[in-house]
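Novice: starting from these lines, generate the structure:
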Amino acid sequence: MEHIYLIMQGMTAQIHSGVRVHFSGHETFPLRQMWLKKAFDRATSGGSIPKAAFSDADAIAAFGVGKNMVASIKHWALACGLMTEAGPNEFRINKLATEILRDGGLDPYAENPATAWLVHWQLAGKCIRSTTWYWLFNHVTAPTFTRQELEEPLAHYARKIDLKHRLSTSTISRDLETCLRSYAPRAAGGSPEDFAEPLLGELGLLQEVHKGQYAFRRGPKSSLHDGVFAYALVDFWDSQADGQSSLAFEAVAYAEGSPGRVFKLDEESIAQRLIGLADFTGGKIVWTDSAGLRQVHRKPMSKEDCKELIRRAYD
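Specialist: Take a look at the predicted model:
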């Protein structure tokens, strides 16, 4: 299955010492539209969520779902960066998530496509608690693939990252199935939740071309706002080339963890978006194409500048 697992020549996997693979926690439930809001609403006015909120006797009633789904909501809230560990007894809410999900916020009910795109970026561009999501969108290049074809290459990737981690085939298989169903939901299921559209299903990134056989949808993404694209570009830039004022077009389009790969954009779509960023960012990000050298140049941007990119995605 080596044709499935491909890293472009000259680019190496982002394998860092201390990084752990993560293949569990979602209880095989894809992320649903209202689940992040359900988690957010458990926060105190100070922006913290007691860990007990996910395990107390009243958690099932408070979240309005079954016990396994409560665990899944906690997993997705962590994987999407909604909240982070803040000690032995509490989680801390992310400030950007607060701006989006608070009552009266930018998108409290996760109805705007920008929210789904941001969630996808967090899962497929970050690899915090979403190893399969990151690997699938950054390393799978085959025209079509099945879940079974992905299992061994993914296990191989996981072993390279974390030699101590022991994975069963069933664990890998369940995680892949959950990931694929997140983008290409199955036609029928055994409960009402199985019929609910996953949050990421609306993005059109993955399709089931035949039963059990999948393919990426590459090309322009009309629902991807320039604000989310610009935010992802800056995020990628900070993680891969922090301190550098310019970035090659090839890195934006093809590097591991890049907007081009994670959003499955073609070269023309990326170029058009980069050209438009000069106006969109007030000259903070500028595209140049001189003597065949295609680059993006960037002026210093504050955290507030980056937040403003997101705010504009909800205009």
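
Novice: switch to C-alpha atoms for all contacts and neighbour counts from now on
Specialist: Noted.

Novice: let me see the ranges of the helices in the stretch 1-150 of the chain.
Specialist: Secondary structure of the stretch 1-150 of the chain by DSSP state H, counting those that start in this stretch: the helices cover 35-40, 59-63, 67-79, 95-101, 113-126, 131-139, 147-161.

Novice: could you dump these to TSV with mean pLDDT?
Specialist: Output for the helices of the stretch 1-150 of the chain, formatted as TSV (pLDDT from 0 to 100):
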stretch	mean pLDDT
helix 35-40	97
helix 59-63	94
helix 67-79	96
helix 95-101	95
helix 113-126	97
helix 131-139	96
helix 147-161	93
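
Novice: tell me which of these lies nearest to Thr28.
Specialist: Of all those, the one in closest proximity to Thr28, counting by Cα to Cα, is helix 67-79 (8.0 Å).

Novice: can I get the CA coordinates of the closest one in PDB?
Specialist: Presented in PDB, the C-alpha positions along helix 67-79 are these (Å, rounded to 0.1, in the frame of the first residue of the first chain):
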ATOM      1  CA  LYS A  67     -22.700   8.800  28.500                       C
ATOM      2  CA  ASN A  68     -20.500   7.800  25.600                       C
ATOM      3  CA  MET A  69     -21.500  11.000  23.700                       C
ATOM      4  CA  VAL A  70     -20.600  13.100  26.700                       C
ATOM      5  CA  ALA A  71     -17.100  11.600  26.600                       C
ATOM      6  CA  SER A  72     -17.000  12.300  22.800                       C
ATOM      7  CA  ILE A  73     -18.000  15.900  23.300                       C
ATOM      8  CA  LYS A  74     -15.100  16.300  25.800                       C
ATOM      9  CA  HIS A  75     -12.700  14.800  23.300                       C
ATOM     10  CA  TRP A  76     -13.800  17.000  20.400                       C
ATOM     11  CA  ALA A  77     -13.700  20.100  22.600                       C
ATOM     12  CA  LEU A  78     -10.100  19.300  23.400                       C
ATOM     13  CA  ALA A  79      -9.200  18.200  19.800                       C
END
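
Novice: so which bits of it are buried?
Specialist: Lys67, Met69, Val70, Ala71, Ser72, Ile73, Lys74, His75, Trp76, Ala77, Leu78, Ala79 (16 or more other Cα atoms under 10 Å).

Novice: give the other helices and strands that it contacts.
Specialist: helix 35-40, helix 59-63 (3 or more Cα pairs under 8 Å, 6 or more residues apart in numbering; DSSP states H and E).

Novice: right, and those - which one's nearest Cys179?
Specialist: Using Cα to Cα, the helices and strands packed on helix 67-79 put helix 35-40 closest to Cys179, at 16.4 Å.
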